[in-house]
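>>> Compute the structure for the input listed below.
(one chain, ligands or ions: 1)
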Amino acid sequence: MAGLLHGDRIGNWIDGRRVDPANGEWLESVDPSVGKAWIRVPGGDAQDVDHAVAAAKAAFSGSWRSMPATQRAGLLRAAAVEIGKHAEELATIECRDNGKPLAEAIAGDLPSVVEMMNYWAGAADKIHGETIEIGPTSHNFVRHEPLGVVGIIVPWNSPLAILAAKVGAALAAGNCVVLKPAEQAAASILTIAACFDAAGFPHGVVNVVSGLGEVVGDALVRHPDVRKIAMTGSTETARRISERAAPTLKQLAFELGGKSPNIVFADADLELAVPGASTSAVFTGGAGQTCVAGSRLLVHASIYDDFLERVERHVAKHVRLGNALDRQTTMGPIAFAAQYEKVKSYVELGRKEGAEIAFGGRFGPENFDGREEAEALAGGYFVSPTLFRGATNDMRVCREEIFGPVTCAIPFHDDDEALAIANDTHYGLAAGVWTRDLKRAHRFVRDLEAGAVWVNAYRRIHWAAPFGGYKESGYGRDSGLESLRGYQQTKTAWIDLS
Ligand code: NAD
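Alright, predicted model coming up:
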């Protein structure tokens, strides 16, 4: 099968064609496993955004808006097939770009991207209106119509999976899209765009413009013909977008950061809770670079020391740092140099604030002493799984999102204290609860201020289940039929029968 990526650079995807950025500028994307540039992606600007939005607008009012829903569903199904054919190549591109372990992307991310397209294909022709009984003199009915052109802004940690949830819903609802990948890991999204046109989508329905957030992202946010921005990224960026979207009164949906509590009670089944806490997205493949990372590990004081020792043993046995493309690797590097420096500075800060490193705290080549591939990985952005013990919730390392394989273990003494600590954060994305007590489990599901609560599990995410945040972790939902409404507007029609 012919590959999708050719050469050492990949252009924007606009109106069904691969195009160079209008300003001729390119950005180098670095392979974080080795710290070397591997591909160039467009460093585009507002001219490319104008071009892409015009293409999307023309496609919307051309064939897309009036296309029968069943045909739209068929195209989404065909896109699933097309993406499935190229899954391994897409996974390899993404992992080279952002350091996520290839084995994880092949087993998890790409199959879920395919399933999301199928899920949204299933929804596309089940969009129903309703009639409302006003009285005999009026026939009143409600239509759920697409918005038009939607801008989708994606971060670097899991570009394809995050994109698929939004783009599937947006297309199923009948919108055209302009996608803006993160400048640090744009290649997989630039590549996947061609799969939609290959599947038979009219040109211009799916477009991608790559470039800096403050340039391309900003132009998309301010564009008067873009009716909605759906963004996953940091809370800080979302604030900026909110201000700049105000003049055009755009609809907004944000999936943002987190500082999620993972709470282990003394009655927990430790056979489950130890791996659960160890792999609560902090010490897994993406090296803690995931929004739902259980980065505050709350442990009942009576089992605190024992539990942390068990977590250390589990991590030592199961986590293997290495090149993302090596299938033995279970934890990759930090995605890019600036983020690596940020994680380092937080580890330093934690020490200064008085937390003690229980394990980890090793950076770069220190992680590969004595290993055969040490030289090859010397320039990579590796951080060992790091656990702070003796942390308190007022420390900055417990309040700010680190976005690396660093977790803070905080002791608690009773349920009320656990709940108070868990909710004492301006974030509200996710939470985990480990207990055998059903009443306690229900109480915490009810009282935790988070968009997702897992009981005796962590990081279960599915395209059919709504996903999103409370508080400063955002608003709007990805996944599940609820998210479809976010890409529609409601029209009420009145036919006079008097
Ligand atoms: P970021 O906010 O820096 O960037 C996200 C995207 O926004 C990128 O494409 C970037 O180019 C773009 N952007 C930046 N400035 C912009 C501007 N002024 N206007 C428009 N677009 C702009 O976030 P990041 O560092 O790439 O990603 C990490 C963050 O994403 C973390 O906070 C993490 O928790 C969050 N995240 C959330 C979820 C979720 O589903 N809740 C999932 C993954 C990541």
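>>> and A465, what does it touch?
Going by CB atoms under 8 Å, 6 or more residues apart in numbering, A465 touches S479, G480. For glycine as for every other residue, the C-beta is placed from the backbone atoms N, C-alpha and C.
>>> scratch that, R310 is what I was asking about
So R310 contacts L270, V274 (CB under 8 Å, 6+ apart).
>>> In three-state terms, label it for me.
helix (DSSP: H, G, I helix; E, B strand; the rest coil).
>>> cool, the one 4 residues further on as well?
With three-state DSSP as the basis, the three-state label of H314 is helix.
>>> In three-state terms, label the closest residue to G233 other than its chain neighbours for me.
Spatially, and ignoring its direct neighbours in sequence, G233 is nearest to P155 (4.7 Å; CB to CB, 6 or more residues apart in numbering). What three-state DSSP gives for P155 is coil.
>>> Any stretches of the stretch 151-300 of the chain with poor pLDDT?
Filtered on pLDDT under 70, the stretch 151-300 of the chain yields the residue ranges 281.
>>> Just give me how far stretch 308-319 sits from the chain centre.
Taking the mean of its C-alpha atoms, stretch 308-319 sits 27 Å from the chain's own mean (CA atoms, centre = their mean, to the nearest Å).
>>> what about the most centrally placed residue in the chain, which helix or strand?
Geometric centre of the chain, nearest residue: I162, 4.2 Å, by CA atoms, centre = their mean. Assigned by DSSP states H and E, I162 falls within helix 159-172.
>>> My read is that the residue nearest to the centre of the chain contacts W156, right?
No: contact criterion CB atoms under 8 Å: I162 and W156 do not qualify, at 9.7 Å.
>>> Which residue is the nearest non-sequential neighbour of D31?
Counting by CB to CB, 6+ apart, the residue nearest D31 is W38, at 4.3 Å.
>>> circling back: the residue nearest to G233: what's it in contact with?
Contacts of P155 by CB under 8 Å, 6+ apart are I162, A182, T232, G233, S234.
>>> So the last one is in contact with G258, correct?
In other words, S234. No: applying CB under 8 Å, one finds S234 not in contact with G258, separated by 10.6 Å.
>>> Overlap of the contact sets of the two?
Common contacts of S234 and G258, defined by CB under 8 Å, 6+ apart, comprise E401.
>>> which parts of the protein sit against the ligand?
Proximity of the chain to the ligand, by CB under 6 Å from any ligand atom, involves residues 153-157, 162, 180, 182-183, 213-214, 217-218, 221, 232-234, 237, 240-241, 255-258, 291, 401, 403, 429, 469.
>>> Return the subset of these lying in helices.
With DSSP state H as the criterion, helices contain I162, D218, V221, T237, R240, I241 from among the residues of the chain next to the ligand.
>>> returning to what we had before: return every residue with contacts to both of I162 and W156.
Common contacts of I162 and W156, defined by CB under 8 Å, 6+ apart, are absent altogether.
>>> Strands of the stretch 251-400 of the chain, residue ranges please.
Taking DSSP state E, counting those that start in this stretch as the criterion, the stretch 251-400 of the chain carries its strands at 251-255, 261-264, 296-300, 356-359, 386-389.
>>> ok, back up a step: give the burial count for the residue nearest to D31, as a bare number.
16 (other CB atoms under 10 Å).
>>> got the contact list for it?
D8, S29, V30, D31, R96, D97 are the contacts of W38 under CB under 8 Å, 6+ apart.
>>> same check, this time on A56
By CB under 8 Å, 6+ apart, the contact list for A56 reads V149, C176, V177, V178, G204, V205, N207.
>>> do that again at 7 Å, thanks
V149, C176, V177, V178, G204, N207 (CB atoms under 7 Å, 6 or more residues apart in numbering).
>>> Would you agree T92 is in contact with A103?
No: here T92 does not reach A103: they are 11.3 Å apart, not a contact under CB atoms under 7 Å.
>>> And G35, how close does it get to S384?
According to CB to CB, to the nearest Å, G35 and S384 sit 17 Å apart.
>>> I should have written D50 there, sorry.
Taken as CB to CB, the span from D50 to S384 is 46 Å.
>>> of those two, who's got more company?
Under the neighbour definition other CB under 10 Å, D50 and S384 were set side by side, and S384 has more, 20 against 15.
>>> Tell me, how many residues neighbour the residue nearest to H203 when sequence neighbours are not counted?
Of all residues not flanking H203 in the chain, G16 sits nearest, at 2.9 Å (CB to CB, 6+ apart). G16 sits with 19 neighbouring residues when counted by other CB under 10 Å.
>>> Break down the stretch 1-150 of the chain into its strands, ranges please.
Under DSSP E, counting those that start in this stretch, the stretch 1-150 of the chain gives strands at 12-14, 17-19, 26-31, 36-42, 130-135, 138-146, 149-153.
>>> CSV for these, including distance to T492?
Shown next, in CSV, are the strands of the stretch 1-150 of the chain (distance: least, CB to CB, whole Å):
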stretch, distance to T492
strand 12-14, 36
strand 17-19, 40
strand 26-31, 46
strand 36-42, 42
strand 130-135, 8
strand 138-146, 5
strand 149-153, 22
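>>> E449 is nearest to which of those strands?
Proximity to E449 (CB to CB) singles out strand 149-153 among those, at 25.5 Å.
>>> So what touches the closest one?
Under CB under 7 Å, 6+ apart, the answer for strand 149-153 is 53, 56-57, 60, 163, 166-167, 170, 175-180, 217, 220, 225-231, 233, 487.
>>> Okay, now the sheet partners of it, with direction.
strand 176-180 (parallel), strand 226-232 (parallel) (DSSP bridges).
>>> what inclination does it have with respect to strand 251-255?
20 degrees (axes from the mean of the first three to the mean of the last three CA atoms, to 10 degrees).
>>> Number the chain from 24, please
Happy to do that; since the first residue is 24 now, the last one works out to strand 172-176.
>>> Provide the angle between the direction of strand 172-176 and the direction of helix 182-195.
Relative orientation of strand 172-176 versus helix 182-195 (the same axes, to 10 degrees): 170 degrees.
>>> How is this structure divided into domains?
Annotated domains of the chain cover 35-279+497-517, 284-486 [automatic domain parsing].
>>> now the strands of the stretch 274-423 of the chain as a markdown table including mean neighbour count and distance to S211?
A markdown table is the format used below for the strands of the stretch 274-423 of the chain (neighbours: other CB atoms under 10 Å; distance: least, CB to CB, whole Å):
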| stretch | mean neighbour count | distance to S211 |
| --- | --- | --- |
| strand 274-278 | 22 | 18 |
| strand 284-287 | 29 | 29 |
| strand 319-323 | 26 | 31 |
| strand 379-382 | 16 | 33 |
| strand 409-412 | 24 | 28 |
